[in-house]
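> for reference, the sequence and a predicted model appear below.
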Amino acid sequence: METYEVLEEILARRRARAIGVSNFRVADLQRLREHTGVTPAVNQIELHPALQQNELRAFHAEHGIATEAWSPLAQGAVLQDEPVVRIARSHGVSPAQVVLRWHLRSGNIVIPKSVTPERIRQNLDSSASS
Ligand SMILES: NC(=O)c1ccc[n+]([C@@H]2O[C@H](COP(=O)([O-])OP(=O)(O)OC[C@H]3O[C@@H](n4cnc5c(N)ncnc54)[C@H](OP(=O)(O)O)[C@@H]3O)[C@@H](O)[C@H]2O)c1
């Protein structure tokens, strides 16, 4: 709470355009709402097809908090899943692009990590067409 109050001060002094949190559960966000004045702009959470966080996402939607997905590809673990591979084949795209498009269509912000230039390009292309 003390840390968040410092973030609120930074926001009030216009030293930041927005403030947010990470890995907050619904109970944590509720506590923040009860004791502080500023709703976080974003909550960065682990989120991918194998961990869909529906309750938390619904809470975010209700309170105008952006959902940011960390490990959006489940560190590669969902890329061999049969439905993902099947959808990728039928659309002529990669499994990672299917998963990233699923995120974007769900309204999530995604921060996939890759050290491979071709994958970085591929991941960026996921947002290029509808
Ligand atoms: N807030 C938090 O508590 C928290 C916790 C964990 C992570 N994060 C953040 O979340 C970000 C991403 O998470 P993450 O690195 O854990 O998982 P991730 O982005 O889901 O997965 C990264 C893995 O997927 C591979 N990959 C990326 N693009 C691919 C593609 N197009 N095709 C096939 N494989 C692909 C990468 O391999 P290569 O690199 O070998 O290409 C890497 O092994 C990081 O920047 C991290 O800082 C935040």
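That came through fine.
> what parts of the protein come near the ligand?
Taking Cβ under 6 Å from any ligand atom as the measure of proximity, the chain contacts the ligand at 22-23, 44, 70-76, 79, 94, 96, 111-116, 119, 122-123. The C-beta positions use only the backbone N, C-alpha and C, and glycine is treated the same way.
> count the neighbours of R119 for me.
15 (other Cβ atoms under 10 Å).
> pretty sure it sits in a strand.
No: under DSSP: H, G, I helix; E, B strand; the rest coil, R119 sits outside any strand and is assigned helix.
> which positions in stretch 81-95 come out as buried?
81, 84, 87-88, 93-95 (16 or more other Cβ atoms under 10 Å).
> and for stretch 100-120?
100-103, 108, 110, 112.
> which residue sits closest to W102, ignoring its sequence neighbours?
Spatial nearest neighbour of W102, excluding adjacent residues (Cβ to Cβ, 6 or more residues apart in numbering): P49 at 6.4 Å.
> please apply the same query to Q97.
Counting by Cβ to Cβ, 6+ apart, S126 is the residue found nearest to Q97 once chain neighbours are left out, at 4.6 Å.
> in contact with that neighbour, which residues?
By Cβ atoms under 8 Å, 6 or more residues apart in numbering, the contact set of S126 is 96-97, 100-101, 104.
> in helices only, show me those.
96-97, 100-101, 104 (DSSP state H).
> before we move on, back to that, adding pLDDT, write the buried residues of stretch 81-95 out as CSV.
Shown next, in CSV, are those (pLDDT from 0 to 100):
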residue, pLDDT
D81, 97
V84, 98
I87, 97
A88, 97
V93, 96
S94, 97
P95, 98
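> which two among those are spaced furthest apart?
Greatest spacing in these, by Cβ to Cβ: D81 and V93 (14.9 Å).
> which residue ranges of the chain form helices?
2-12, 26-35, 54-63, 82-91, 95-105, 117-125.
> quick one: contacts of the second one?
Applying Cβ under 8 Å, 6+ apart, the contact partners of helix 26-35 are 1, 4, 21, 24, 39-40, 43, 55-56, 59, 63, 65.
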